[in-house]
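In: heads up, no residue letters with this:
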């Protein structure tokens, strides 16, 4: 969800921050100059992220976040701040100039990142605001932040329901946002539009109505924002674990990333599947049922016309349908007779695919793999075959750390979360999935 990436100094709440005034003051006091910082713990959904976001709003800070997919990659949480080959002492020196570091989901940090956070707390030049799920397994270096009394410890308890429910004054605005998104989905015009109320509900750990969440997930999927689509679906399932629409959208996002089975029945896009798969006969049949940009794409696939596929891709991208546009350009690569035109289509397909948050569909298969260095392709192929980092290192006469660094760089370029996705990426181009 896009709100998470916004600078805390520019955030404006659509309703007042209430229910945590004492805790907010404690976090603010603990994070000012002359203090070492604070660690906020509590179960999922208790409001830790919302609290620390409000506490540091208006300040200069650096943010890092732990994620479950990168737990085995050294310094993964700090990848945007550090070089690939940095050591722990080097990382401490590099970050010594950071005055305020905000660490969210610290319980999900890889061991190297956790050790770095602990060292920064120990040396005392960097103030830290840390949020962690105290009920989940936590790296020892993180738990020692509070058990060793390095930082002030604030244990958040859930607020009463009447303080965490969606404020009544937000319901009309939330409904208006949902209706606007539904109308744009119907029109297949999913260019970015502001929808701040829903984003603030999610950012503040407040319940997101499942109907709204499913619509946001569908909108994000159409835009090719697959991680956001999954995140919105999960937000809806937090409020209503059995919601069928949210479960469908979560499965759809997983399928597009090569992590699940095909999801049938895409509403108005039911006939578009054959077009996305590049099936000329299926596309010819679909062309009679599809209108507008989807119809043009279908006709271009049926004809096998590279220039027409590129024009269809441009029309799809203009309406925000970035994943479909990437697929159309990728299909044009195979359809062009002119090698220069094929290279141009490939470049455009890659540029769009990189914006689609790990999409691994049949049309895109093989495109991104060609972006890796020869050594990265070699290591990725061995990892996809099931070899461990140590086995790869022994076979190629490399260090285990070098293999890990190459894999991490490859994951970034491929949009993969871990080695489980690699067999899909190095599979044959005609592999079929949703």
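Out: Sure, I can see it. Note that the structure is predicted; figures quoted are calculated from it, not measured.
In: List the buried residues for the strand or helix carrying residue 334?
Out: Residue 334 is part of helix 322-335 when elements are defined by DSSP states H and E. In terms of neighbour count (16 or more other CB atoms under 10 Å), helix 322-335 has its buried residues at 322-333, 335. Using the backbone N, CA and C atoms, a C-beta is placed for each residue, glycine as well.
In: by contact count, what packs against it?
Out: Using 3 or more CB pairs under 8 Å, 6 or more residues apart in numbering; DSSP states H and E, the elements in contact with helix 322-335 are helix 292-303, helix 306-318, helix 339-353.
In: Residue 120 contacts residue 129, correct?
Out: No: between residue 120 and residue 129 no contact is recorded; they are 11.9 Å apart, counting by CB atoms under 8 Å.
In: Which residue of those two possesses the greater neighbour count?
Out: Of the pair residue 120 and residue 129, residue 129 is the one with more neighbours under other CB atoms under 10 Å, namely 26 against 23.
In: And what about that one, helix, strand or coil?
Out: Under DSSP: H, G, I helix; E, B strand; the rest coil, residue 129 falls in the strand class.
In: how far away is residue 65 from residue 92?
Out: 20 Å (CB to CB, to the nearest Å).
In: quick revisit: what's the overlap in contacts for residue 120 and residue 129?
Out: Residues touching both residue 120 and residue 129 by CB atoms under 8 Å, 6 or more residues apart in numbering: residue 101.
In: give me the number of residues near residue 22?
Out: 8.
In: what's the straight distance from one end of stretch 158-177 to the other?
Out: End-to-end distance of stretch 158-177 (CA to CA, to the nearest Å): 28 Å.
In: Give me the mean pLDDT for it.
Out: For stretch 158-177, mean pLDDT rounds to 70.
In: Any regions of this protein where pLDDT drops low?
Out: For the chain, applying pLDDT under 70 flags the ranges 1-19, 33-34, 159-169, 204-205, 260-268, 366, 368-371, 413-434.
In: tell me the domain ranges of this protein?
Out: Recorded structural domains for the chain (assignment: automatic domain parsing) are 2-162, 171-256, 268-364, 369-414.
In: what residues are up against residue 283?
Out: Residue 283 neighbours (CB under 8 Å, 6+ apart): 274-275, 298-299, 301-302.
In: now, the most widely separated pair of those residues?
Out: Taking CB to CB, the two most distant members of the contacts of residue 283 are 274 and 299; they sit 12.6 Å apart.
In: Hmm, residue 341 is touching residue 307, no?
Out: Yes: Residue 341 is in contact with residue 307 according to CB under 8 Å; the separation is 7.4 Å.
In: Find the residues that touch each one of those two.
Out: Taking CB under 8 Å, 6+ apart as the criterion, residue 341 and residue 307 both touch residue 332.
In: what helix or strand is residue 249 on?
Out: Element membership of residue 249, judged by DSSP H and E, is helix 244-256.
In: Correction: the previous question concerned residue 387.
Out: For residue 387, there is no enclosing helix or strand under DSSP H and E.
In: same check, this time on residue 214
Out: helix 210-222.
In: got the angle for that helix vs helix 244-256?
Out: 20 degrees (axes from the mean of the first three to the mean of the last three CA atoms, to 10 degrees).
In: Can you name the residues in contact with whatever helix or strand comes next after helix 210-222?
Out: Using DSSP H and E, the helix or strand that follows helix 210-222 towards the C-terminus is helix 226-239. Helix 226-239 is contacted from outside by 1-2, 45, 201-202, 207-214, 216-218, 220-221, 243, 245-247, 249-250, 252-254, 256-257, 323, 356-359, using CB under 8 Å, 6+ apart.
In: If any of those are buried, put those into a ChimeraX selection.
Out: The ChimeraX command for the buried members of these (criterion: 16+ other CB under 10 Å) is given here:
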select :1,201,202,207,208,209,210,211,212,213,214,216,217,218,220,221,243,245,246,247,249,250,252,253,254,256,257,323,356,357,358,359
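In: Just the buried positions in stretch 21-36, please.
Out: Along stretch 21-36, these residues count as buried under the neighbour rule (16+ other CB under 10 Å): 23-24, 26-28, 30-31, 36.
In: same thing with stretch 389-404?
Out: Across stretch 389-404, burial judged by 16+ other CB under 10 Å covers 389, 392-393, 396, 398, 402-404.
In: Sitting in helices, which of those residues do you find?
Out: Using DSSP state H, the members of those that fall in helices are 389, 392-393, 396, 402-404.
In: Could you dump the residues you listed into CSV with distance to residue 114 added?
Out: Below are those laid out as CSV (distance: CB to CB, whole Å):
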residue, distance to residue 114
389, 20
392, 25
393, 24
396, 29
402, 22
403, 22
404, 17
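In: farthest-separated two in those?
Out: The most widely separated members of those, counting by CB to CB, are 396 and 404 (12.8 Å).
In: Could you point out the longest helix of this protein?
Out: helix 171-187.
In: which other residues reach the helix holding residue 334?
Out: 221-224, 226, 256, 276, 278, 294, 297, 300-301, 304-307, 309-310, 312-314, 316-317, 341-342, 345-346, 348-349, 352-353, 355-356, 359, 361, 363-364, 367.
In: Quick check: the nearest residue to residue 387 once chain neighbours are set aside vs residue 294, distance?
Out: In space, and not counting its chain neighbours, residue 387 is closest to residue 395: 7.2 Å by CB to CB, 6 or more residues apart in numbering. From residue 395 across to residue 294, the span is 47 Å (CB to CB).
In: Sounds good, over and out.
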